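[1] Structure for the following, please:
(chains A and B)
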Amino acid sequence: MVRAEPTHMATGPCAALLERVGGDQQIFIELCDVFLDDAPKRLDIMREALAAADAPVLQREAHAFKGAAAAFDAEHVVMIARQLEQLAATGDLRDAPRVLAVLDCHSRLLIAAVRAGKAHG
Amino acid sequence: MQILIADDEPLSLGLARAALSDTGCEVTTAAEGDAAWAAIESRTGPMLVILDRMMPGVDGLELCRRAQRCGAFPPLYIVMVTSAGEPADLAAGLEAGADDYIPKPFNRAELRARANVGLRMLALQESLARRVADLEEALANVKQLRGLLPMCSYCKKIRVDDTYWQQLETYIGARSDAQFSHGICPECFPQVLDEVNREDRR
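    Down below sits the predicted model:
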């Protein structure tokens, strides 16, 4: 098991995740891979749910996405995902396309940061 | 002891599994509610459940309610995973039957500490259940003697009914698992010896 001081090995969102796993590099890299694999799929599912006006699925996926982003302390992504989740919970999806577009934009930044952080970690 | 981690979000699930992998418990995972319920229902021993509140299929709250309805054996300890800053979720989870909660995002040390509390509770419940079963078994095997016994002040027989008197040892022997040996105490011994000698002289 390889351990490292979180503040020396990663910055930004990856520093938060590395701290959560107690500096365990191996688990950190595994979890980064899990996120990098899962996040784009979940964004796709949210887009499909919105196209199908499926509010319960949109709510559930936004909730799960929010949980994943929170592990990186990605506050903007968490906030926007929460907004989308709450919109979907009301069943009124009129503002959802705009919110999903913003979420998509911020999520791309997060994904890029995680990819970079994992490479440097 | 078994640990079930039920979460449809793979990052949280992976984080929880990493935190609990070296507890010495058998760790299983479920990515949706129906699979989680199947695992809970088929548990063969005490089980700690790290349960996400919102999952596809049966959600975490409904799983807690079902677990409450289906009885407490083998013991179950549920830690509900809730979103930070949503106290309504936390209250709903505890109301539904969760034993503890942990807000997302959690870190490995925090989850491990809460899981250890749960494992200690489960061990205690299991130990108490075993003790109660042992006591019940012992109680079933013990015949009870209690109440006011009418006893002859001279010969020490016990009155069994209005007309019948029974030797003390017969009475106790019939109503308990006690057995009697037959010796002579030092106080009685000289008297008995006299009687035996008198008999011999005749």
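[2] Show me the helices in the chain, by range?
    In the absence of a named chain, chain A is used. Taking DSSP state H to define them, one finds helices in chain A at A:6-9, A:12-20, A:25-51, A:55-70, A:75-90, A:96-120.
[3] oops, I was thinking of chain B
    For chain B, the helices defined by DSSP H cover B:10-20, B:33-41, B:60-69, B:87-96, B:108-141, B:168-175, B:189-201.
[4] weakest of the helices of chain A by average pLDDT?
    Sorting those by mean pLDDT places helix A:6-9 lowest, at a mean of 44.
[5] where does the residue nearest to B:Gly173 when sequence neighbours are not counted land on pLDDT?
    The shortest distance from B:Gly173 to any non-neighbouring residue, by Cβ to Cβ, 6 or more residues apart in numbering or on different chains, is to B:Phe180 (6.5 Å). Using the backbone N, CA and C atoms, a C-beta is placed for each residue, glycine as well. We have a pLDDT of 85 for B:Phe180.
[6] ok, B:Phe180 to chain A distance?
    67 Å (Cβ to the nearest Cβ, to the nearest Å).
[7] Could you give the number of residues near that residue?
    Residues lying near B:Phe180 (other Cβ atoms under 10 Å in any protein chain shown) number 11.
[8] Confirm for me that it is in contact with B:Tyr171.
    No. Judged on Cβ atoms under 8 Å, B:Phe180 makes no contact with B:Tyr171 at a distance of 11.1 Å.
[9] B:Leu124: what's it in contact with?
    Counting by Cβ atoms under 8 Å, 6 or more residues apart in numbering or on different chains, B:Leu124 makes contact with nothing.
[10] Can you name the residues of chain A that neighbour chain B?
    For chain A, the contact set with chain B under Cβ under 8 Å from any Cβ of the partner chain comprises A:16, A:19-22, A:24, A:27, A:30-31, A:34-35, A:37-38, A:60, A:63-68, A:70-71, A:73, A:82.
[11] Distance of the closest residue to B:Tyr101 other than its chain neighbours relative to B:Leu90?
    Nearest non-adjacent residue to B:Tyr101, counting by Cβ to Cβ, 6+ apart: B:Met80, 4.5 Å away. Noted for B:Met80: a distance of 8 Å to B:Leu90, by Cβ to Cβ, to the nearest Å.
[12] which residues do those two both contact?
    B:Tyr101.
[13] residue nearest the centroid of chain A?
    A:Ala69 (3.3 Å; Cα atoms, centre = their mean).
[14] Now for the nearest residue in space to A:Pro56 that is not next to it in sequence: which residues touch it?
    Closest residue to A:Pro56 apart from its sequence neighbours, by Cβ to Cβ, 6+ apart: A:Ala88 at 7.4 Å. Taking Cβ under 8 Å, 6+ apart as the criterion, A:Ala88 is in contact with A:Ala55, A:Pro56, A:Leu58, A:Gln59, A:Ala62, A:Ala96.
[15] give me every residue that touches the most centrally placed residue in chain B.
    Nearest residue to the geometric centre of chain B (Cα atoms, centre = their mean): B:Ala129, 0.8 Å. By Cβ under 8 Å, 6+ apart, B:Ala129 lies in contact with B:Phe73, B:Pro75.
[16] Quick check: pLDDT value at B:Pro46.
    94.
[17] doesn't B:Met121 make contact with it?
    No. When contacts are counted by Cβ under 8 Å, B:Pro46 is not listed as touching B:Met121 (9.1 Å).
[18] Can you pull the residues that touch both of those two?
    Common contact partners of B:Pro46 and B:Met121 (Cβ under 8 Å, 6+ apart): B:Tyr77.
[19] still on that earlier bit, leaving out chain neighbours, which residue sits closest to the residue nearest to the centre of chain A?
    What sits nearest to A:Ala69 in space, not counting adjacent residues and going by Cβ to Cβ, 6+ apart, is A:Val77, at 3.9 Å.
[20] do you know how far the one you found is from chain B?
    12 Å.
[21] who has more neighbours, B:Met80 and B:Leu90?
    Using other Cβ under 10 Å, the more surrounded residue of B:Met80 and B:Leu90 is B:Met80, with 26 against 19.
[22] For that one, name its beta-bridge partners.
    B:Leu51, B:Tyr101 (DSSP bridges).
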